[in-house]
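1. sharing a model that was predicted from the sequence below.
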Amino acid sequence: MNNEEQHFITGQVERIFFQNDTTLYKVLLVKIDKTDIKWNEDEITVTGSFGTIKEEGSYTFFGDIKTHPKYGPQFQATNYQSDQPTTKSGLVAYLSGEQFTGIGKMTAEKIVTALGGDAIDKIIADPSVLVPLGINAKKRKTLVDVLTENNGMEQIIIGLNDYGFGSTLAYAIYQHYQEDTLRVLRENPYQLILDIDGVGFKRADQIAEKIGIADDADIRLRGALLEELNQLTQQEGDTYTAAEPLLNGALNLLQQTRRTPVAPQKVADQILALAHDGKIMSEDDRIYPRSLFNAEWQIAQELYRIEKEYADKQAASLKHFETELKHVEKRLKITYDDSQKQAIKAALQHHVFLLTGGPGTGKTTVINGLVALFAQLHHLSLDINEYKEETFPILLAAPTGRAAKRMTETTGLPASTIHRLLGLTGRENDPDTPTKELEGGLLIIDEMSMVDTYLFRSLVRAIPSDMQVVLVGDKDQLPSVGPGQVFSDLLAAQILPEIELNQIYRQNDDSSIIELAHDINTGQVPANFFTNQSDRSFIACNAYQVPDVIDQVVTHAKQKGFETSDIQVLAPMYRGAAGIDRLNPMIQEIMNPRKNERTKEVKTQNGVYRIGDKVLHLVNSPDVNVFNGEIGQIVGITEAKKSKHKSDELTIAFEGNEVTYKRSDWYKITLAYCTSIHKAQGSEFQMVILPLVHQEHRMLKRNLLYTAVTRAKQFLILIGEREAFETAVKEQSANRKTTLKERLKQVFEQSQTMPHQAARQLRSTAEAAVAPSEIPVASDDDTTATTATTLELHEDEDDYRLTVAKVASGEIDPMIGMGTVTPRSFM
Ligand SMILES: Nc1ncnc2c1ncn2[C@@H]1O[C@H](COP(=O)(O)OP(=O)(O)OP(=O)(O)O)[C@@H](O)[C@H]1O
């Protein structure tokens, strides 16, 4: 319960105005019997998280009156109880009601006469009380089932309300544990950290404290360690960490929530215990979340399986490669250079082949030639209409919707996201979710640099051993948002055949952008970097001047006829004077201002949305075929009173796809006039405007700048501080900590297999980490003392955006499940 003053309303539910099927949130109209609030009418709207609510049922709601900005005063319930009928007639009416199929008034009367006013409690406690009443087994079963279901769920929801969970989380928790919910919460609330997306250590610890779990209880220390291990790997994109940061981080987390120091030795003991139980894995001085440890091994083993099983099989006969390729060249009107030819040949000869190259080096051109030649050699038609019953034998996929669409456009063949290909919804909590097995002869994956460890593991598992696989990407681009750097590890291992294309083709005399990108990659600031060219320019200014300069540039571009979709501002961070949050509303005012009183707009805590606004989708939603990073345009606004769902709605057009978002879905979108560079991976724009300033020095890395620059098709406008650009060119992007390369070597060269227990050297590592001088112990007046690692911002700021959006929309409670967001994120 919260600490605010609690009031109550007892009454009958007259109508359920609204209920959300995927949360427990409901809006009810209640006829008041009794209350301690001042209210002049006999009805009131009550909102809150409830289990099954029956119209005409009698309930007591606890909470307080709150004024909703739109709907006015309502009673916001933090908890409730069902006032079961206790009068004889009330009970009879209830038990002979619709939900008790087959129970008539006579039977109900018989029960109430025999068992009295607390008949329901008696039946739930011991169903055999019905036997002497001569009620047949079928009816007895109905009675017991319906009563336990109604009451069981109700008790659990009431319990969850008691712990302060909002409707979305309460629903997720109930869905996961069902009737075990309250037992899990009582026995080990920290279990929720592992099982429920959105519950973090702090939240679980509040519950644990309430139910008296000791400061140094093993489960508490383990909860902190597991959360810290996940945070450390997720934030940095690593697949493992070391004992020392893990121990320090966990100690810090433990101290932050309860302020009582815990002996480092006790926490170190729990690292050992977790490793012993196989909950975390360790090897040498590395400590892995179990799922990532397994995923790296499985990737290596699956690739080995594919390679080995294929070795005996006959690859396509390449006797007449040159002649066959000539036909293809003629048809595609191209002459492949030597390395492109080699790439096509190698892809046809090998089972798994890696192709990398910078922008404009002909990767797509090679894919086209490969597809054509593969079809020619296997006598396959590339006309999709000829495959009515059978699956199309060439599978093309990319990690994002937009990259998949580009593949379709450039090859003329169907391409999908990897998620779609595998039948994943993107909402899977468990990275180990089983997927479909793939069918076909050739699989080509583009934009491989964006594929993370988990997704790649799912992909390779689904590949049958008679399928050839070609992985295409640009190794110098930013790595995936999720953990790992799969593509660069695969290349670095030098186990699988690979070719790098170096010759730049997409270039004419006027274009200097691609050349610039390649220069950036060498780590040299080119002499003409800050000199204006026909297709790019540099405007020097400091962080505080950036918005003004962008204002002028965008206004000018609009006057010149550039459309909203042509102009893309890309920035490294959300916050700061030159950050995305500052720039988006400003550009919105230029590109899509409020024209007059009648212009429709809806307000959110993050600003306003209008028809015509460019918006970014922040999560994967395969159910509506919209993916993380896709940009759409608002084409409709429907007010709640006119909408079927009684919620304000936005209709957004994505390429060839219109989707309606209820207000509760708005956390999935944000304005997209300016987006993060990470979100722009896999997309290209006519004009890219790129502000970089020194304030963002943590983010200024070569691969970030390279990725941003390579998004520009026609014009590139660099804005900001010279030294920020110079830093970005010079700062080699730090490699992520991963061991996929080693696993590949272990499996391919030494025939090793994944060990079941890897706690070998952990004891000494964990003990060594317990060096008291290195452990920050917050003093009483220093609740913010923390290690550098936990306060560092995530390289991928997009997690921040999603979390803030969720908080703003009420989807998540700001106190819980902060994910990668740290306290500083909210400053
Ligand atoms: N051998 C070649 N001869 C002539 N033109 C070529 C050759 N190879 C590629 N090109 C042309 O160069 C341009 C870029 O090629 P392509 O799109 O295949 O590169 P890419 O590596 O896929 O680029 P990006 O990664 O930027 O999409 C295309 O216009 C293509 O027709």
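-> All right, it came through fine. Numbers count the residues shown, from 1 in each chain.
2. quick check, pLDDT for K614.
-> What the model reports for K614 is a pLDDT of 97.
3. how about it, what does it touch?
-> 564-565, 591-592, 631-633, 671-673 (CB atoms under 8 Å, 6 or more residues apart in numbering). Quick note: C-beta positions are derived from backbone N, CA and C, even for glycine.
4. just checking, Q235 is part of a helix?
-> Yes: using DSSP: H, G, I helix; E, B strand; the rest coil, the secondary structure at Q235 is a helix.
5. the residue of the stretch 701-827 of the chain found nearest the ligand: how many residues sit nearby?
-> Nearest residue of the stretch 701-827 of the chain to the ligand, counting by CB to the nearest ligand atom: T710, 6.6 Å away. T710 has 26 neighbours, counted by other CB atoms under 10 Å.
6. doesn't Q477 make contact with it?
-> Yes: using CB atoms under 8 Å, T710 is in contact with Q477, at 7.5 Å.
7. give me the element the most centrally placed residue in the chain is part of.
-> The centroid of the chain falls nearest to V619 when counting by CA atoms, centre = their mean (5.5 Å). Assessed by DSSP states H and E, V619 sits outside every helix and strand.
8. quick one: the closest residue to it other than its chain neighbours and the ligand, what's the gap?
-> Excluding its sequence neighbours, the residue lying closest to V619 (CB to CB, 6 or more residues apart in numbering) is K668, at 5.3 Å. Between K668 and the ligand the computed distance is 28 Å (CB to the nearest ligand atom, to the nearest Å).
9. which parts of the stretch 251-400 of the chain sit against the ligand?
-> Within the stretch 251-400 of the chain, the positions near the ligand by CB under 6 Å from any ligand atom are 334-337, 340, 357, 359-365.
10. any buried residues in stretch 628-637, and which?
-> Residues 628-634, 637 are the ones in stretch 628-637 that count as buried (16 or more other CB atoms under 10 Å).
11. so what's the backbone phi/psi at E742?
-> Here is the backbone geometry of E742 (degrees, to the nearest 10): phi -60, psi -40.
12. contact residues of the chain facing the ligand?
-> With CB under 6 Å from any ligand atom as the criterion, the chain meets the ligand at residues 334-337, 340, 357, 359-365, 505-506.
13. filter the residues you listed down to the buried ones, PyMOL style.
-> Here is the PyMOL command that selects the buried residues among the residues of the chain next to the ligand (16+ other CB under 10 Å):
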select buried, resi 336+337+340+357+359+360+361+362+363+364+365
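14. just the residues of the chain next to the ligand: which are in helices?
-> 340, 363-365 (DSSP state H).
15. identify the farthest-apart pair in the residues you listed.
-> Largest separation among these by CB to CB: Q340 and T364, giving 11.1 Å.
16. partner strands of the lengthiest strand in the chain, with direction?
-> Secondary structure assigned by DSSP state E gives strand 7-19 as the longest strand of the chain. Note on strand 7-19: by DSSP bridges, its sheet partners are strand 25-35 (antiparallel), strand 58-68 (antiparallel).
17. quick check: closest non-adjacent residue to D215.
-> Closest residue in space to D215, ignoring its immediate chain neighbours: T260 at 4.7 Å, by CB to CB, 6+ apart.
18. hang on, the one you found in a strand?
-> No: counting by three-state DSSP, T260 is not part of a strand but coil.
19. quick check, it in contact with A214.
-> No: in this structure, T260 is not within contact of A214 by CB under 8 Å, at 9.8 Å.
20. look up how far K713 lies from the residue nearest to D215.
-> As judged by CB to CB, to the nearest Å, T260 and K713 stand 58 Å apart.
21. shaky segments in this structure?
-> Along the chain, segments meeting pLDDT under 70 span 1-5, 21-22, 85-86, 167, 310-317, 426-429, 506-510, 656, 756-827.
22. re earlier: okay if I get the residues of the stretch 251-400 of the chain next to the ligand as CSV plus distance to L303?
-> Listed next are these as CSV, based on distance: CB to CB, whole Å:
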residue, distance to L303
I334, 31
T335, 33
Y336, 27
D337, 29
Q340, 25
G357, 21
P359, 27
G360, 29
T361, 25
G362, 26
K363, 21
T364, 24
T365, 26
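23. picking up where we left off before, so for E236, which of the strands paired with strand 7-19 sits nearest?
-> Nearest to E236, of the strands paired with strand 7-19 and by CB to CB, is strand 25-35 at 35.8 Å.
24. next structured bit after that closest one?
-> Using DSSP H and E, the next helix or strand after strand 25-35 towards the C-terminus is strand 43-49.
25. next, the angle from that next one to strand 25-35.
-> Angle, strand 43-49 to strand 25-35, by axes from the mean of the first three to the mean of the last three CA atoms, to 10 degrees: 130 degrees.
26. gap between the residue of the stretch 451-600 of the chain found nearest the ligand and N620?
-> Nearest to the ligand in the stretch 451-600 of the chain, going by CB to the nearest ligand atom, is Y505, at a distance of 3.1 Å. In this view, Y505 and N620 are 33 Å apart by CB to CB.
27. give me the helices and strands touching the longest helix along the chain, please.
-> Counting by DSSP H, the longest helix found in the chain is helix 137-162. Here helix 137-162 touches strand 43-49, strand 72-82, helix 119-125, helix 167-177, helix 181-187, going by 3 or more CB pairs under 8 Å, 6 or more residues apart in numbering; DSSP states H and E.
28. now tabulate the ones you listed in JSON lines and tack on mean neighbour count.
-> Formatted as JSON lines, these follow (neighbours: other CB atoms under 10 Å):
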{"stretch": "strand 43-49", "mean neighbour count": "21"}
{"stretch": "strand 72-82", "mean neighbour count": "18"}
{"stretch": "helix 119-125", "mean neighbour count": "18"}
{"stretch": "helix 167-177", "mean neighbour count": "21"}
{"stretch": "helix 181-187", "mean neighbour count": "17"}
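29. distance of T555 from A137?
-> T555 sits 79 Å away from A137, going by CB to CB.
30. one more: T670?
-> Distance from T670 to A137, by CB to CB: 57 Å.
31. ok, E244 next?
-> In terms of CB to CB, E244 sits 64 Å off from A137.
32. still on that earlier bit, and the residues of the chain next to the ligand, which two are the farthest apart?
-> T335 and P359 (20.4 Å).
33. what's the burial count for L303?
-> There are 24 residues near L303, going by other CB under 10 Å.
34. over to the one 5 residues further on?
-> By the criterion of other CB under 10 Å, K308 has 12 neighbours.
35. so which helix or strand takes in R406?
-> Secondary structure (DSSP H and E) places R406 in helix 401-411.
36. residues touching the helix or strand following that helix, excluding its own?
-> Next in sequence after helix 401-411, counting helices and strands by DSSP H and E, comes strand 415-417. When contacts are defined by CB under 8 Å, 6+ apart, strand 415-417 is touched by residues 396-401, 404-405, 407-408, 446, 622, 627.
37. next, give phi and psi for the closest residue to L716 other than its chain neighbours.
-> Distances taken as CB to CB, 6+ apart place R536 nearest to L716, at 4.0 Å, with adjacent residues excluded. Backbone geometry at R536, expressed as degrees, to the nearest 10, gives phi -150, psi 150.
38. alright, calling it a day.
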